[in-house]
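**Q** Sequence and computational prediction follow.
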2 protein chains.
Amino acid sequence: MPAAALIGVDWGTSSFRAFLLAASGAVLDQRFSPKGILTGEAGTFADVLASEIDGWLAPGRPLPVLMSGMIGSRQGWLEAPYVTTPASLTDLAAGLVDVPFEGASARLVPGIATAGETMRDVMRGEEMQVFGALEQLGVAEGRFLLPGTHSKWVHVEEGRVGSFRTYMTGEIYAATRQHTILGKLMEDGESPAAFLRGVREGAHAGTPGSLLNRFFGVRTAGLFGDLSGRELPDYLSGLLIGSEIADGLQQDSRPVHIIATTALADRYATAAQALGLLAERIDPACIARAYIAVTRAAGLVAEA
Amino acid sequence: MPAAALIGVDWGTSSFRAFLLAASGAVLDQRFSPKGILTGEAGTFADVLASEIDGWLAPGRPLPVLMSGMIGSRQGWLEAPYVTTPASLTDLAAGLVDVPFEGASARLVPGIATAGETMRDVMRGEEMQVFGALEQLGVAEGRFLLPGTHSKWVHVEEGRVGSFRTYMTGEIYAATRQHTILGKLMEDGESPAAFLRGVREGAHAGTPGSLLNRFFGVRTAGLFGDLSGRELPDYLSGLLIGSEIADGLQQDSRPVHIIATTALADRYATAAQALGLLAERIDPACIARAYIAVTRAAGLVAEA
């Protein structure tokens, strides 16, 4: 087994994932826990980290620890200021922020904020998945879609994250289903056909405000028995994902890479296909490669 | 005082309003209570009605009672089937549904559903405000905007309600403010300037899905201190109302009448002005005229 060279940690709002990595990028071991930053108390992050990576650090083996995600936000361990677009791996490496941790030098990876646009956008954590995907694909440009509560569409050119857009699709779905009249007619159930119908109707042309009208169509579809209570949740999901993908297509119709392996990613892939957007999937475990690359760019790991 | 000829009741989800009317349309008395259909138990509507209009019905004075709004829905007293567009006062009169009530003949006014469109739309109660406004203005055509949890834009031609669109603006505002990350940075407060900024940005061109991205701009505006926590609620409100009005304008740029006197109606009037849409206000008390007109069309009241 090759020697361990680095510990990479993807620490988000609701989950913690750590990788023990060789300088080659090989994953020697990994740990997962639901201890996201919102589940712990402030001031206890060092204890959580020490306990989760227990056994990886030994006396005389002071591996560098690199942490990305919401752990570097105002609600996290310490705020690592955003670097601004266009942002490269080298920019992330230059923006690393030290945090006090016994037994190793631990650093936070900064997030990225868009610069020079009237509507600002930000990411924390997704940038490492994007750079990991670039490393894995061996390319320096591309379009990446990261589905989630807040999904992100990221455009990379010449190895730099340029423009990107965040859509609150997942959270708007949950809020409208659980806290508006739309949920009243819904029952638990799945319907690929209702999902696809939603995707196509969500992609119809219209103004931004027409979405506020389109929501009401979910209610009337239920009211007139056009869709059953069990079909309505997927119809709503389709409407929102379809409208998001149509907006992404309108920005740029080139193929995208979807970085995710979740059921939600399946929905995005299905919807993309229905709307004529070429989409390939990448396993988000590619993030391990980004920890190595950033660490190397910071001059902290010897070349493999 | 002229003789009472009719009792009109506007009975919605969360409120009850009754008018004692002369054949001329003059309001002789009115009652208001928060006893909307969702606050009572099914089967008790007759008791609520009797108690709320206590004293108006006397032996030998069996006034007709006309009720509009959600009381005629599946969740109400009895379901009064929708009449379909294009729908006139005469169509409403032909669709009245009797309900058993001691001491008077009580009837439900049907709502209106759009016909022949892929996305159905419905209203219950608003149609009476629209017909009341037509009576008050002495016209047979116009565009009407009824702000509310679900706001409605109604187009009338030759005395008939034609196409109309419902926007879930108010409910989406409440759900996103209270149940998404957007509320996290918000504090109670008012800001006409932030509202107007939201209105203008909400009216920007874009696809329906761009609204899902625009929501996230509320978070980043707070994150970067571009807007304070006290300004964010009105900014979000402006974004949604602005995008709704821009969609209304795109459908048809002719002037509208806003039927409402609420603070929400003030917001819509301000936003309409900012976006170049001519808007005049009408007091929703005009609904009283519609009860008289429908009753007359049904042959139930002698001409004044």
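**A** Received the coordinates, thanks.

**Q** from here on, contacts and neighbour counts on C-alpha atoms
**A** Will do.

**Q** Next, count neighbours for the closest residue to residue A:171 other than its chain neighbours.
**A** Spatial nearest neighbour of residue A:171, excluding adjacent residues (Cα to Cα, 6 or more residues apart in numbering or on different chains): residue A:149 at 5.2 Å. Per other Cα atoms under 10 Å in any protein chain shown, the neighbour tally for residue A:149 reads 16.

**Q** Could you measure from residue A:149 over to chain B?
**A** Taking Cα to the nearest Cα, to the nearest Å as the criterion, residue A:149 is separated from chain B by 10 Å.

**Q** for residue A:110, same thing?
**A** 15 Å.

**Q** quick one, what contacts that residue?
**A** The contact partners of residue A:110, taken as Cα atoms under 8 Å, 6 or more residues apart in numbering or on different chains, are A:68, A:72, A:80, A:81, A:82, A:83, A:92, A:95, A:96, A:97, A:124.

**Q** So which of those residues are in strands?
**A** A:68, A:83, A:97 (DSSP state E).

**Q** tell me what the lengthiest helix in chain A is packed against?
**A** In chain A, with assignment by DSSP state H, the single longest helix is helix A:232-251. Packing partners of helix A:232-251 (3 or more Cα pairs under 8 Å, 6 or more residues apart in numbering or on different chains; DSSP states H and E): helix A:169-179, helix A:192-202, helix A:210-223, helix A:263-274, helix B:210-223.

**Q** try 10 Å this time
**A** Here helix A:232-251 touches strand A:151-157, strand A:160-167, helix A:169-179, helix A:192-202, helix A:210-223, helix A:263-274, helix B:210-223, going by 3 or more Cα pairs under 10 Å, 6 or more residues apart in numbering or on different chains; DSSP states H and E.

**Q** Just send the ones you listed back as CSV, with mean pLDDT too.
**A** As requested, these are exported to CSV (pLDDT from 0 to 100):
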stretch, mean pLDDT
strand A:151-157, 98
strand A:160-167, 97
helix A:169-179, 97
helix A:192-202, 98
helix A:210-223, 97
helix A:263-274, 96
helix B:210-223, 97
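
**Q** List the contacts of the residue located most distally from the centre of chain A.
**A** In chain A, counting by Cα atoms, centre = their mean, residue A:224 sits farthest out from the average C-alpha position, at 37.9 Å. Counting by Cα atoms under 10 Å, 6 or more residues apart in numbering or on different chains, residue A:224 touches residue B:120.

**Q** Check the gap between it and residue B:81 for me.
**A** 11 Å (Cα to Cα, to the nearest Å).

**Q** next one: residue A:11
**A** Distance of residue A:11 to residue B:81, computed by Cα to Cα: 55 Å.

**Q** out of the two, which sits in the more crowded spot?
**A** Ranked by neighbour count (other Cα under 10 Å), residue A:11 and residue B:81 place residue A:11 first, with 26 against 18.

**Q** Flag every buried residue along stretch A:271-290.
**A** The neighbour-count check on stretch A:271-290 (16 or more other Cα atoms under 10 Å in any protein chain shown) flags A:271-272, A:275, A:277, A:279, A:281-282, A:284-290 as buried.

**Q** can I get those in a markdown table with distance to chain B and secondary structure?
**A** Below are the buried residues of stretch A:271-290 laid out as a markdown table (distance: Cα to the nearest Cα, whole Å; DSSP: H, G, I helix; E, B strand; the rest coil):
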| residue | distance to chain B | secondary structure |
| --- | --- | --- |
| A:271 | 14 | helix |
| A:272 | 14 | helix |
| A:275 | 14 | coil |
| A:277 | 15 | coil |
| A:279 | 19 | strand |
| A:281 | 22 | strand |
| A:282 | 24 | strand |
| A:284 | 23 | helix |
| A:285 | 27 | helix |
| A:286 | 26 | helix |
| A:287 | 25 | helix |
| A:288 | 28 | helix |
| A:289 | 29 | helix |
| A:290 | 26 | helix |
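
**Q** ok, so of those residues, who is nearest residue B:154?
**A** Among the buried residues of stretch A:271-290, residue A:275 lies closest to residue B:154 (Cα to Cα), at 32.4 Å.

**Q** Would you confirm that that closest one contacts residue A:244?
**A** No - using Cα atoms under 10 Å, residue A:275 is not in contact with residue A:244; the gap is 11.1 Å.

**Q** Mutual contacts of those two, please.
**A** A:199, A:203.

**Q** quick revisit: for the record, mean pLDDT for the longest helix of chain A?
**A** For helix A:232-251, mean pLDDT rounds to 97.

**Q** Run the angle between that helix and helix A:210-223 for me.
**A** In terms of direction (axes from the mean of the first three to the mean of the last three Cα atoms, to 10 degrees), helix A:232-251 departs from helix A:210-223 by 150 degrees.

**Q** List the buried residues in helix A:232-251.
**A** Judged by neighbour count using 16+ other Cα under 10 Å, the buried positions of helix A:232-251 are A:232-249.

**Q** need the next SSE after that helix, C-terminal direction.
**A** strand A:256-259 (DSSP states H and E).

**Q** Partner strands of that next one, with direction?
**A** Strand A:256-259 has the following sheet partners, assigned by DSSP bridges: strand A:142-146 (parallel), strand A:279-282 (parallel).

**Q** so can I have CSV of those showing mean pLDDT?
**A** Shown next, in CSV, are those (pLDDT from 0 to 100):
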stretch, mean pLDDT
strand A:142-146, 97
strand A:279-282, 96
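
**Q** Low-confidence stretches in the stretch 1-150 of chain A?
**A** A:42, A:117 (pLDDT under 70).

**Q** And the helices in it?
**A** A:45-52, A:89-94, A:126-137 (DSSP state H, counting those that start in this stretch).

**Q** Could you save those helices as a markdown table and add columns showing mean neighbour count and distance to residue B:163?
**A** A markdown table is the format used below for the helices of the stretch 1-150 of chain A (neighbours: other Cα atoms under 10 Å in any protein chain shown; distance: least, Cα to Cα, whole Å):
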| stretch | mean neighbour count | distance to residue B:163 |
| --- | --- | --- |
| helix A:45-52 | 15 | 58 |
| helix A:89-94 | 20 | 54 |
| helix A:126-137 | 23 | 44 |
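
**Q** would you turn those into CSV with distance to residue A:15?
**A** Converted to CSV, the helices of the stretch 1-150 of chain A look like this (distance: least, Cα to Cα, whole Å):
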stretch, distance to residue A:15
helix A:45-52, 12
helix A:89-94, 22
helix A:126-137, 14
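
**Q** quick one, which of those is nearest to chain B?
**A** Closest approach to chain B among these (Cα to the nearest Cα): helix A:126-137, 15.8 Å.

**Q** ok, the closest one near chain B or not?
**A** No - if you take Cα under 10 Å from any Cα of the partner chain as the test, helix A:126-137 misses chain B, and the best it gets is 15.8 Å.

**Q** what angle sits between that helix and strand A:151-157?
**A** Using the same axes, to 10 degrees: helix A:126-137 against strand A:151-157 is 50 degrees.

**Q** What angle do strand A:160-167 and helix A:126-137 make with each other?
**A** Helix A:126-137 and strand A:160-167 are oriented at 130 degrees to each other (the same axes, to 10 degrees).

**Q** What is the burial count for the closest residue in space to residue A:63 that isn't next to it in sequence?
**A** Nearest residue to residue A:63 in three dimensions, chain neighbours excluded: residue A:6, at 5.3 Å (Cα to Cα, 6+ apart). Residue A:6: 25 surrounding residues under other Cα under 10 Å.

**Q** hang on, isn't residue A:6 packed against residue A:21?
**A** Yes - proximity of residue A:6 to residue A:21 meets the contact threshold set by Cα under 10 Å, at 5.2 Å.
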